[in-house]
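> sharing a model prediction with you, sequence too.
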Amino acid sequence: MADLIVICGPQAVGKMTVAECLRDRIHYNLMVNHDSIEVSDRIFGFDTPAMREFNESFRKKVFELAVKHGVDMIFTYVCDFSDPEDIGYIVRLHDLFTGNGGRFFFVELSASLDERLRRNETPHRMERKPSKKDVEWSRRDILKSAEVHKLNTDDDERLFENHIKIDNTYLSPDQVTDLIIEAFSLVPVDKKEGEYRFGAE
């Protein structure tokens, strides 16, 4: 059995940083949204049909193997909550993990647009997401997405039984992680660091 924690929210809200902090606390394996995107872009070019198909296949295989081998996962994702296909994708992940005896947790982060624009230029984001190094492009993308997409659910909307919403505009990643662990009563998995953290001995 494997658990899946999806950390969702708009671009530059802090999903990756929170996910890394949570990984280090509970020892779940982590795939951030851009792990598959950056590889797919390098091979097939930005947003080409081949890139999109490879990106989808990459993620599908990761989740299938996690379920098969009982690997607890954290996954970060940007969802347009006005798009039935985006919501359907998350529902399929829920069904995959819970249908095989695991648990599914949905964390939704939100922050002010000004704070997200500030976070968009942090060194850690630049280091981990090469495609975001064009800051002017990524800034325009954030502003445009905020206008045309619904990147957070409505205040009274809950998609899953285990669905927590956190406004992390003024919260540190450690504080957000504390809230997630408390809300879902998560406990660390007994693993060596090298089994869940890339580059560890």
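Perfect, I can see it now.
> grab the nearest non-local neighbour of the spatially most central residue of the chain.
Taking Cα atoms, centre = their mean, the centroid of the chain lies closest to T76, which sits 0.6 Å from it. In space, T76 comes closest to K15 once its chain neighbours are excluded; the distance is 4.0 Å by Cβ to Cβ, 6 or more residues apart in numbering. No exception for glycine: its C-beta is placed from N, CA and C like everyone else's.
> tell me who's in contact with that neighbour.
Residues near K15 by Cβ atoms under 8 Å, 6 or more residues apart in numbering: 7-9, 32-33, 76-78, 109.
> apply 6 Å and report the result again.
Shown in contact with K15 (Cβ atoms under 6 Å, 6 or more residues apart in numbering): 7, 9, 76.
> and the gap between the second one and H27?
With distances defined as Cβ to Cβ, to the nearest Å, the gap from G9 to H27 amounts to 23 Å.
> and those two? Which one has more around it.
Comparing G9 with H27 by neighbour count (other Cβ atoms under 10 Å), the higher total belongs to G9, at 24 against 18.
> who's the residue nearest to the centre of the chain bridged to?
Beta-bridge pairing for T76 (DSSP bridges): I7.
> hmm, who's touching stretch 88-100?
By Cβ under 6 Å, 6+ apart, stretch 88-100 touches 4, 67, 104.
> name the residues linked to the last one by a beta bridge.
Residues found in beta-bridge contact with F104 (criterion: DSSP bridges) are L4.
> now the terminal residues of stretch 149-160, how far apart.
This stretch, stretch 149-160, spans 21 Å end to end (Cα to Cα, to the nearest Å).
> now find how far off-centre that stretch is within its chain.
Between the centre of stretch 149-160 and the centre of its chain there are 16 Å (Cα atoms, centre = their mean, to the nearest Å).
> which residues sit against it?
Against stretch 149-160 from outside (Cβ under 6 Å, 6+ apart): 10, 80-82, 106, 110.
> filter the residues you listed down to the buried ones.
Buried by 16 or more other Cβ atoms under 10 Å: 10, 81, 106, 110, out of the contacts of stretch 149-160.
> just these now: which is nearest A19?
F106 (13.2 Å; Cβ to Cβ).
> may I ask you to confirm that that closest one belongs to a helix?
No - going by DSSP: H, G, I helix; E, B strand; the rest coil, the assignment for F106 is strand, not a helix.
> just give the nearest non-adjacent residue to N162, would you?
Nearest residue to N162, sequence neighbours excluded (Cβ to Cβ, 6+ apart): F105, at 4.6 Å.
> ok, the one you found touching L4?
No - using Cβ atoms under 6 Å, F105 is not in contact with L4, being 7.3 Å away.
> ok so, going back, can you flag which of the buried ones among the contacts of stretch 149-160 belong to helices?
In helices, judged by DSSP state H, none of the buried ones among the contacts of stretch 149-160 are found.
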